[in-house]
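Trainee: Coordinates for the following, if possible.
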Amino acid sequence: MSNALSADAERKLLAARRAGARLAAVQALYQMEQTEQSARSVIADFMEDRLGLNDEGEPVEEADPDIFKAIVDGTVERQEAIDAAIMKRLANGWKIERLDATSRAILRAGVYELIAEISLPSQIILDEYVSIAHAFFEGAEPKFINGLLDAVSRDIRSA
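Mentor: As a prediction, this is how the structure comes out:
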C-alpha cells in the first residue's frame, strides 16, 4: 500500500514539475518578447532566480529545468513554423502581432509541444496550456486559446 501511495505521490510531483516548467517557459517567452533578451540570457535568469535554489538549498519552484529549457529553446528555434501554424488558424486579416503578448507566448509554447512532443497526447498539452491561460485571463481568452490549439493540433497531428 505504501508503494502505491509513493508511486502516486511521485506521479503528482512529476506532473507538478512539468506544469511548473511550462508556466516558467511561457513567462520566459513573454519576457524575451518584452525585453528583446536572447533565449540563452532569459534561460540563465530563470535558472538562477526562478528555477534555482533558495538560501537553504531547496527548490524555489517545482519546475523541471530540462523541460523548461527544451520548451524555450525549441520554441525559439521553430518560431517561424510555429507562427505559421498559428496564423493558419487565425481569422482572415488577423496577424499574430494583434494577439496579446501573453496569449502569443502560451500559444507558441503549446504549438511547440504539439510539434515536438509527438508521444504526448494532444489533450494533455491542450489541458496544460489552457490551465496556464486561466492563470492569466478571465473571460474568453482561455476558450480562444483552447480552440486555436485544438485546431492546430488537428493540423499537425493528422498530417
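
Trainee: how close does the residue nearest to Ser38 when sequence neighbours are not counted sit to Ile43?
Mentor: Leaving aside its sequence neighbours, Ser38 sits nearest to Met32 (CB to CB, 6 or more residues apart in numbering; 7.4 Å). For glycine as for every other residue, the C-beta is placed from the backbone atoms N, C-alpha and C. According to CB to CB, to the nearest Å, Met32 stands 9 Å off from Ile43.

Trainee: between the two, who's got more neighbours?
Mentor: Shown here are Met32 and Ile43; by other CB atoms under 10 Å, Ile43 has more neighbours (22 against 19).

Trainee: Report the contact partners of the more buried one.
Mentor: 28, 68-69, 72-73 (CB atoms under 8 Å, 6 or more residues apart in numbering).

Trainee: could you dump these to TSV with neighbour count?
Mentor: What follows is those, written out as TSV (neighbours: other CB atoms under 10 Å):
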residue	neighbour count
Ala28	27
Phe68	26
Lys69	20
Val72	25
Asp73	15
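
Trainee: Which of those residues sits closest to Asp49?
Mentor: Ala28 (11.3 Å; CB to CB).

Trainee: correct me, but the closest one touches Phe46?
Mentor: Yes. Using CB atoms under 8 Å, Ala28 is in contact with Phe46, at 5.5 Å.

Trainee: Give me the common contacts of the two.
Mentor: By CB under 8 Å, 6+ apart, Ala28 and Phe46 have these common neighbours: Phe68.

Trainee: re the thing from before, what do Met32 and Ile43 both touch?
Mentor: Residues touching both Met32 and Ile43 (CB under 8 Å, 6+ apart) are Val72.

Trainee: for the helix or strand of the chain with the lowest mean pLDDT, packing partners?
Mentor: One helix or strand of the chain scores below all others by mean pLDDT, DSSP states H and E: helix 2-35, with a mean of 84. Helix 2-35 is packed against helix 39-45, helix 65-77, helix 101-116, helix 122-136, with contacts defined by 3 or more CB pairs under 8 Å, 6 or more residues apart in numbering; DSSP states H and E.
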